[in-house]
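Asks: predicted structure and sequence below. I'll ask about it afterward.
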Amino acid sequence: MKLNGKVALVTGGTRGIGYATTLLFCKEGAKVAITGRSERQGRKAIIELKKEGFRDVVFIQGDVSKSVDAKRMIEITVKQFGQLDILVNNAGIWIGGTVETASEADWDKVIDVNLKGTFLCSKFALPYLKKTKGAIVNTASIAGLVADVESIPYCASKGGVVLLTKAMALDHAKEGIRVNCVCPGYVMTPMLEQEMLEEDVPKSGPDREKYLKEIAELHPIGRIGEPEEVAKTVLFLASNDSSFITGTALTVDGGYIAQ
């Protein structure tokens with residue numbers, strides 16, 4: 001198993017890419033702490049993981065954009081499992097808008113969760129990762145590499161995550177810590193559902209199917225991605241399989257930005 005004996009913290013680990021990553025990490029032998037803002041969703045995720053036969057999992061409720069919460073998440077993980085080898089900064093939100101239409105509150109919320117949250121969790125995890133010569137994997141996005149219309153807060157936050165990743169990789173390479181990020185294309189996650197909700201796409205019917213077909217066709221591979229496909233890339237970057245890789249932004253996008 002690729003993560004046997006390792007301890008990981010996955011923020012936003014209760015659903016979507018975060019949950020798929022957690023499940024895969026558990027299968028590969030890791031002990032995993034997951035975080036989220038919803039206590040209900042967190043309990044549900046832990047129940048599902050334990051049904052799969054995994055016992056070394058714990059949920060920590062909190063908001064990554066708050067310093068006190070971010071610090072507590074790291075400390076509880078280490079107290080529970082004795083060390084920290086892997087940090088996956090996956091927690092993120094999407095709010096659309098242009099510079100004109102996005103409110104200041106929308107801007108602050110997206111930047112705080114997606115970018116500041118990555119900064120804070122990394123900050124508090126680094127003292128422990130130095131001891132284990134661990135790895136950080138950040139969830140960025142194709143929107144951090146190429147722009148999209150009416151997505152100003154999200155694009156800015158994910159572009160920041162990409163450069164934060166590269167800067168951290170340089171700062172901590174000599175300490176044996178690798179820092180990378182994944183840049184997914186469109187993936188079938190609750191975040192995509194939220195985006196469709198804001199676009200007034202119905203939850204079922206031909207209009208929804210048409211919208212999903214148009215999204216799928218944006219990718220040369222011809223379909224929308226699955227959370228498990230991104231999780232496999234996160235596993236690669238978190239494991240020794242990528243031992244000579246740091247500071248990279250690895251796209252998992254069905255060829256989206258190759259166009």
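Replies: Looks like it arrived, so ask away.

Asks: next, count neighbours for residue 40.
Replies: A total of 10 residues lie near residue 40 under the criterion other CB atoms under 10 Å. All C-beta spots, glycine's among them, are computed from the backbone N, C-alpha and C.

Asks: since we're on residue 151, how many residues are nearby?
Replies: 21.

Asks: which residue packs closest to it, ignoring adjacent ones?
Replies: residue 96 (5.4 Å; CB to CB, 6 or more residues apart in numbering).

Asks: show me what contacts the one you found?
Replies: The contact partners of residue 96, by CB atoms under 8 Å, 6 or more residues apart in numbering, come to 102, 150-154, 195, 198.

Asks: any of these buried? List them.
Replies: 102, 151-154, 195 (16 or more other CB atoms under 10 Å).

Asks: now the helix or strand of the chain with the lowest mean pLDDT, how far from the chain's geometric center?
Replies: The helix or strand of the chain with the poorest confidence is helix 190-198; it has a mean of 83 (mean pLDDT, DSSP states H and E). From the chain centre to the centre of helix 190-198 is a distance of 16 Å (CA atoms, centre = their mean, to the nearest Å).

Asks: buried ones in it?
Replies: Under 16+ other CB under 10 Å, the buried positions of helix 190-198 are 191-192, 195-196.

Asks: could you export those residues as CSV, including distance to residue 136?
Replies: Formatted as CSV, those follow (distance: CB to CB, whole Å):
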residue, distance to residue 136
191, 21
192, 25
195, 26
196, 31
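
Asks: list the contacts of residue 118.
Replies: 64, 89, 138, 161, 164 are the contacts of residue 118 under CB under 8 Å, 6+ apart.

Asks: and with 10 Å instead?
Replies: 11, 64-65, 70, 87, 89-92, 136, 138-140, 157-158, 160-161, 164-165, 168, 181 (CB atoms under 10 Å, 6 or more residues apart in numbering).

Asks: where's it, which helix or strand?
Replies: helix 117-132 (DSSP states H and E).

Asks: next one: that helix to chain centre, how far?
Replies: That offset, for helix 117-132, works out to 15 Å (CA atoms, centre = their mean).

Asks: after that helix, which helix or strand is next?
Replies: strand 135-139.

Asks: return that next one as PDB; C-alpha atoms alone will do.
Replies: Extracted C-alpha coordinates of strand 135-139, given in PDB (Å, rounded to 0.1, in the frame of the first residue of the first chain):
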ATOM      1  CA  ALA A 135       3.900  16.500   1.300                       C
ATOM      2  CA  ILE A 136       1.300  19.100   0.700                       C
ATOM      3  CA  VAL A 137      -1.200  18.800  -2.200                       C
ATOM      4  CA  ASN A 138      -3.400  21.700  -2.900                       C
ATOM      5  CA  THR A 139      -6.500  21.600  -5.000                       C
END
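
Asks: many thanks, we can stop here.
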